[in-house]
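Colleague: Whatever this is, show me its structure:
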Amino acid sequence: MAKVQESIDVNVPLSQAYNQWTQFEEFPRFMSGVDSVSQLDETTVHFRTDIAGIKRDFNARIIDQVPDERITWESVDEPHNSGIVSFQALSPTDTRVSVDVTWEPDSAVERVGASLHLDDRQIKNDLQRFKEFIEGREVETGAWRGTIADGKVED
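Modeller: Next up, the predicted model:
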C-alpha cells in the first residue's frame, strides 16, 4: 500500500477553492495522467487515466463530502485507492488544500514508481497546477454544495 500526503496554499477564498474541487470533470485541466472524469451520479465518479503508460478506467465513490471542509472517496474497482481532500481557511483570501491518498500499486511499474516516490511528486505537481488554475480565474467553473455522509446525499 502506498500513501501520499501533500498540501498547497492557494491565494483564493476557502469557498472558491472547495467549489472548484467539486467540479470533477475539470480535473484533467490540472491533474496529469487523468484523461477524463465523468460524474455518474451525486456520489459516483468515473475516471479514465493514463499514468506512466498504464491506462485504467475505474469508478470512485464519494463517502463523505462536507462543503468547505473535505471530500473523502474510495475506488469501487481494483486496484484500490482512497483518500481525502481537505480545505482549511488560512485567511479570508487564502486556503490550504491538503490531499491524502492511499493506493495499491498493481503493476511492477507502479511499485517501482511508488518506491521512488514518483506518486508524491505527481500529486505535488498536480496541486501546483491546481493553484495556477484557480488563482488564474476570477471565479470557479462551478460548484456543488451538497453534503454526503456514509455514501448518501443528505437532504
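Colleague: the helices in the chain, which residues?
Modeller: Using DSSP state H, the helices assigned to the chain run over residues 14-21, 108-115, 118-135.
Colleague: mind listing the strands for this protein?
Modeller: Under the criterion DSSP state E, the chain contains strands at 2-10, 34-41, 44-51, 54-66, 70-75, 81-91, 94-103, 147-149, 152-154.
Colleague: what about the ones you listed, which gets the closest to I123?
Modeller: Closest to I123 of the strands of the chain is strand 2-10 (Cβ to Cβ; 4.8 Å). All C-beta atoms are positioned from the backbone trio N, CA, C, and that covers glycine.
Colleague: Who are the packing partners of that closest one?
Modeller: Applying 3 or more Cβ pairs under 8 Å, 6 or more residues apart in numbering; DSSP states H and E, one finds that strand 2-10 contacts strand 94-103, helix 118-135.
Colleague: Can I get stretch 118-128 in PDB? Just the C-alpha atoms.
Modeller: What follows is stretch 118-128, C-alpha atoms only, in PDB (Å, rounded to 0.1, in the frame of the first residue of the first chain):
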ATOM      1  CA  LEU A 118       7.100   9.400  -8.100                       C
ATOM      2  CA  ASP A 119       3.500   9.400  -6.900                       C
ATOM      3  CA  ASP A 120       4.300  12.100  -4.300                       C
ATOM      4  CA  ARG A 121       5.900  14.200  -7.000                       C
ATOM      5  CA  GLN A 122       2.900  13.800  -9.300                       C
ATOM      6  CA  ILE A 123       0.400  14.900  -6.600                       C
ATOM      7  CA  LYS A 124       2.600  17.800  -5.600                       C
ATOM      8  CA  ASN A 125       2.800  18.900  -9.300                       C
ATOM      9  CA  ASP A 126      -0.900  18.400  -9.700                       C
ATOM     10  CA  LEU A 127      -1.600  20.600  -6.700                       C
ATOM     11  CA  GLN A 128       0.800  23.300  -8.100                       C
END
